[in-house]
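# sequence unknown, structure follows:
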């Protein structure tokens, strides 16, 4: 197996094993995301009808907030016993360590979305499953973009005293294009007759964002983590 | 690419964090088959120096030479990444925190790190490490269920799992009982005899009396004194530090 892929696999397997044992991040993330959706459902759904594109907005708010929580907790775990230092001390490609952490966090958020999407479809009476492949494309590209930036920032801030405050302050402004594209792409899928061209445009934008930010993160991870 | 070295030379190394000076003008040489002690009070800069030696930080000025093959700092235009992975493969570090995942078992921790360091038989390397830590029978228990002494033994074997030339230890005696301290000192002597360069930062002076081949005394980021085979360490330490205050 290629050395880069081997390191990515080792880090992902380790992160998932730790999560399966503790279930700390998945439970807190899910609980938080479901609470956000329920609160908005009580506020925005009147007599079984939701406001306009509310379902799309709520879905991405829940993903963004839950994602911030997952990012913070995942790196807090690496900070507590300084295991991030141990990862950086290893003679492994540091970008491979970044990709391993990124894949682990994306997997956690995708697991959260598997619960969130049916819940929102039910509570908001939203036809989210009318184009399941396009919905999957919007969710995967959006989640990857959000986590690509978030993983880099969370790793950078792991030693900062006010990391819990700084992470959302840095992350949200930079990922606004992801949230907007995610919301607009999802809203387009909720139309009675979804316009695939519009959805394709937003997915293309997300793919471009993902490409730029994953490349930037791979390029900057080593120097940012060394000093 | 593989790197090996029998000497570590620190030349006039300084490190600043913004305007705060953590280290200034530190110079010493550590040789294979020797234990070098970094001694100083809390906040002296010992941990920063170990992070520099581990390549986790770069010097603001000065040079660190690992034999003739690898250099970090000014002479290398501060590019740690040049041969960085090959150099890191020869360094083991045991920090004040133990660098272990508490949710994983001792065997899983050791297998993970052995694989990360490129061991062909990671499971075999983990078994060997567990045997050296005298924890073969507890290998499948989560690290969170271990006592501090047991965790320390696993952490030391984690740092040694790839057979490093340079071993860096930061306050390794903290929280250990007498038996665990004795076992750790014996293991360090064994490593010295096998030709490792051991650098140990501590302020547990009674424990390490007679252990060091070299001692470097640091205070407020500055080097106060270097000594070969220092004896009566506590008295020597007091006198060196008092001179610094004067």
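Great, that's in hand. The model shown is predicted, which means the values in this text are computed figures rather than measured ones. Numbering: from 1, shown residues only, chains lettered A, B, ... in the order given.
# next, count neighbours for residue A:5.
Residues within reach of residue A:5, counting by other Cβ atoms under 10 Å in any protein chain shown, total 12. Every residue, glycine included, has its C-beta placed from N, CA and C.
# same deal with residue B:131?
Using other Cβ under 10 Å, residue B:131 has 12 neighbouring residues.
# which SS class is it?
Here residue B:131 takes the helix state, with states given by DSSP: H, G, I helix; E, B strand; the rest coil.
# state the distance from it to residue B:156.
The gap separating residue B:131 from residue B:156 is 13 Å, by Cβ to Cβ, to the nearest Å.
# direction included, what does the worst-scoring helix or strand of chain A on mean pLDDT pair up with?
Using mean pLDDT, DSSP states H and E, strand A:49-50 stands out as the lowest-scoring helix or strand of chain A, at a mean of 77. In the sheet, strand A:49-50 lines up against strand A:45-46 (antiparallel) (DSSP bridges).
# name the residue closest to the centre of chain B, please.
Using Cα atoms, centre = their mean, the residue of chain B that lies closest to the mean C-alpha position is residue B:168, 1.0 Å off.
# torsion angles phi and psi at that one?
Backbone torsions of residue B:168, given as degrees, to the nearest 10, read phi -110, psi 130.
# hang on, it packs against residue B:96?
No. The pair residue B:168 / residue B:96 is not scored as a contact, 11.5 Å apart, by Cβ atoms under 8 Å.
# for the helix or strand following the least confident helix or strand of chain A, name the packing helices and strands.
Note on strand A:49-50: by DSSP states H and E, the next helix or strand toward the C-terminus is helix A:54-80. Contact here means 3 or more Cβ pairs under 8 Å, 6 or more residues apart in numbering or on different chains; DSSP states H and E; on that basis helix A:54-80 packs against helix A:24-44, helix A:83-89, helix A:94-123, helix A:132-156, helix A:163-174, helix A:176-189.
# can you list the residues of chain B near chain A?
Residues of chain B found near chain A, taking Cβ under 8 Å from any Cβ of the partner chain as the criterion, are B:54-58, B:80-81, B:85-89, B:91, B:93, B:95, B:97-104, B:108, B:112-113, B:115-118, B:142, B:158, B:162.
# let's see it at 6 Å
B:58, B:80, B:85, B:88-89, B:93, B:95, B:97-101, B:103, B:112, B:115-117 (Cβ under 6 Å from any Cβ of the partner chain).
# tell me what the helix or strand harbouring residue B:243 is packed against?
Here residue B:243, judged by DSSP H and E, is contained in helix B:233-245. Using 3 or more Cβ pairs under 6 Å, 6 or more residues apart in numbering or on different chains; DSSP states H and E as the contact test, the elements touching helix B:233-245 are helix B:205-208, strand B:222-228.
# can you tell me which helix or strand of chain B has the lowest average pLDDT?
The least trusted helix or strand in chain B, going by mean pLDDT, DSSP H and E, turns out to be strand B:70-73, with a mean of 73.
# pairing partners for that strand, with directions?
With DSSP bridges as the test, strand B:70-73 is paired with strand B:61-66 (antiparallel).
# contacts made by the helix holding residue B:243 with the rest, please.
For helix B:233-245, the external contacting residues (Cβ atoms under 6 Å, 6 or more residues apart in numbering or on different chains) are B:39, B:205, B:209, B:217, B:219, B:224, B:225, B:230.
# what mean pLDDT does that helix get?
Helix B:233-245 carries an average pLDDT of 79.
# can you check stretch A:16-33 too?
Mean per-residue pLDDT for stretch A:16-33: 94.
# got the buried residues for it?
For stretch A:16-33, the neighbour count (16 or more other Cβ atoms under 10 Å in any protein chain shown) marks A:17, A:18, A:19, A:21, A:22, A:25, A:26, A:29, A:30, A:32, A:33 as buried.
# what's near enough to touch the closest residue to the fifth one other than its chain neighbours?
Leaving aside its chain neighbours, residue A:22 sits nearest to residue B:103 (5.1 Å; criterion: Cβ to Cβ, 6 or more residues apart in numbering or on different chains). Contacts here follow Cβ under 6 Å, 6+ apart; on that basis residue B:103 touches A:18, A:21, A:22.
# again, only using 8 Å
A:17, A:18, A:21, A:22, B:142, B:143, B:144 (Cβ atoms under 8 Å, 6 or more residues apart in numbering or on different chains).
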